[in-house]
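Student: what's the 3D shape of this:
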Amino acid sequence: MVNAQKGKAKEVTVTKQGEWIVDSGASDHLTCSLDNLVNVKVTPSTFTIKLPTGATTSISHIGDVILPNGLKLLDVLYVPLFTHNLLLIHKLAKDAQCDVLFQPSQCVVINSKIKKVIAKGVLKEGLYYMQCKTDPSEVCMSVAADTSSGEIRTIRTDNTLEFSDKACVEFMNQKGILHKKSCSYIPQQNARVERKHRHLLEVARALRFQSGLPLSFWGECVLTAAHLINLLPNITLNFCTPYEKLHEEVPTYEHLKVFRCLAFGKDPSCHNDKFTARGYLSIFVGYLILQKGFRLLNLV
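Tutor: Numbering: from 1, shown residues only. Model (predicted):
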């Protein structure tokens, strides 16, 4: 996969950024793209790892990865000279409290508590690749089955085929849900969705213009915009916030920060030296979803 002779890396095969190979022999989760990581921390140059070719290379960063299907991978190592994303089975099973079942053509990840399939992998060229793209019909069924969202009687979508598969149709019929579709090329019939989409983009655009961040940080702007919108009073909700309507409690605002403000992240690798700097210079780029913390961009 990698030729590391004379300090140069020659790529032979490259895994796509969003593809993850399910592996049982690796020592840690590995990624070939720094863009996959959140909660990024810089590692000392003494941290090294041995590649499948036998070559040894250093690890420059470590962080977490949140896959589109909702799985969270902790302590993922970023290896610049590596060309694949590896998902370690026993670490995933321990951190996510799940079971992994291997079948002849696929592997499935099952939540140990609710006994529900939360991810799937397909067999290609002798390797299992995790499917990180979320199926819209599965999301629809998951939301409809969630009693905390209230009882759903009608769902309106465009004419996309994802919501017309057999499993989704049978689920809606079983739950008594009426599936309405908009007319082709008439986005006005999805006016509420279009307005929400416009509102989200306007707030995200304002955050990016105010912060001066490059366009590559559009994802952080959108996530932060959604977080702020959920905490703002809404006139259609009688000046309640969406958060209050969902959780039946008034939200707190002490944790809010100015987008792109100066911050100092804690460096856990310096605990052995009392005179080493304890933090690194960074900027604030958002809020964590599954943890009580912030997303920081390391400037060092």
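Student: Can you tell me the SS state at His179?
Tutor: strand (DSSP: H, G, I helix; E, B strand; the rest coil).
Student: thought it was touching Asp165?
Tutor: No - with contacts counted by C-beta atoms under 8 Å, His179 stays clear of Asp165, the gap being 11.8 Å. The way it works is simple: take the backbone N, C-alpha and C, and place the C-beta from them, glycine included.
Student: got a list of what His179 touches?
Tutor: Contacts here follow C-beta atoms under 8 Å, 6 or more residues apart in numbering; on that basis His179 touches Thr154, Ile155, Thr157, Phe163, Val169, Met172.
Student: Burial check on Cys240, number of neighbours?
Tutor: The criterion is other C-beta atoms under 10 Å. On that basis, Cys240 has 13 neighbouring residues.
Student: what's the answer for Gly286, then?
Tutor: The local packing of Gly286 (other C-beta under 10 Å) involves 23 other residues.
Student: how much space between it and Leu207?
Tutor: If you measure Gly286 against Leu207 using C-beta to C-beta, to the nearest Å, the figure is 10 Å.
Student: Between the two, which contacts overlap?
Tutor: Thr224, Phe259.
Student: where do the helices sit along this structure?
Tutor: 89-96, 136-145, 166-175, 191-211, 218-229, 242-247 (DSSP state H).
Student: what about the stretch 151-300 of the chain, any weak spots by pLDDT?
Tutor: Applying pLDDT under 70 to the stretch 151-300 of the chain flags the ranges 162, 270-272.
Student: what residues are up against Pro242?
Tutor: When the contact criterion is C-beta under 8 Å, 6+ apart, the partners of Pro242 are Ile229, Asn230, Leu231, Asn234.
Student: Then Leu223?
Tutor: Shown here is Leu223, whose contacts under the criterion C-beta under 8 Å, 6+ apart are Gly286, Tyr287, Ile289.
Student: Can you tell me, leaving aside adjacent residues, what's nearest to His61?
Tutor: Counting by C-beta to C-beta, 6 or more residues apart in numbering, the nearest residue to His61 once its immediate chain neighbours are dropped is Tyr78, at 4.1 Å.
Student: Tally up the residues packed near Asp35, please.
Tutor: Other residues lying near Asp35 total 10 when counted by other C-beta under 10 Å.
Student: what's the pLDDT at it?
Tutor: What the model reports for Asp35 is a pLDDT of 79.
Student: now swap in Asn85 and tell me
Tutor: As summarised for this prediction, Asn85 has a pLDDT of 85.
Student: Same check on Val143?
Tutor: 60.
Student: What about Arg205, how many residues nearby?
Tutor: A total of 14 residues lie near Arg205 under the criterion other C-beta under 10 Å.
Student: List the contacts of it.
Tutor: With C-beta under 8 Å, 6+ apart as the criterion, the residues that contact Arg205 are Cys221.
Student: do the same with the one 3 residues further on
Tutor: By C-beta under 8 Å, 6+ apart, Arg208 lies in contact with Leu215, Phe217, Trp218, Cys221.
Student: so the last one touches Gly212, yeah?
Tutor: No - at 11.5 Å, Cys221 and Gly212 do not qualify as touching, with contact defined as C-beta under 8 Å.
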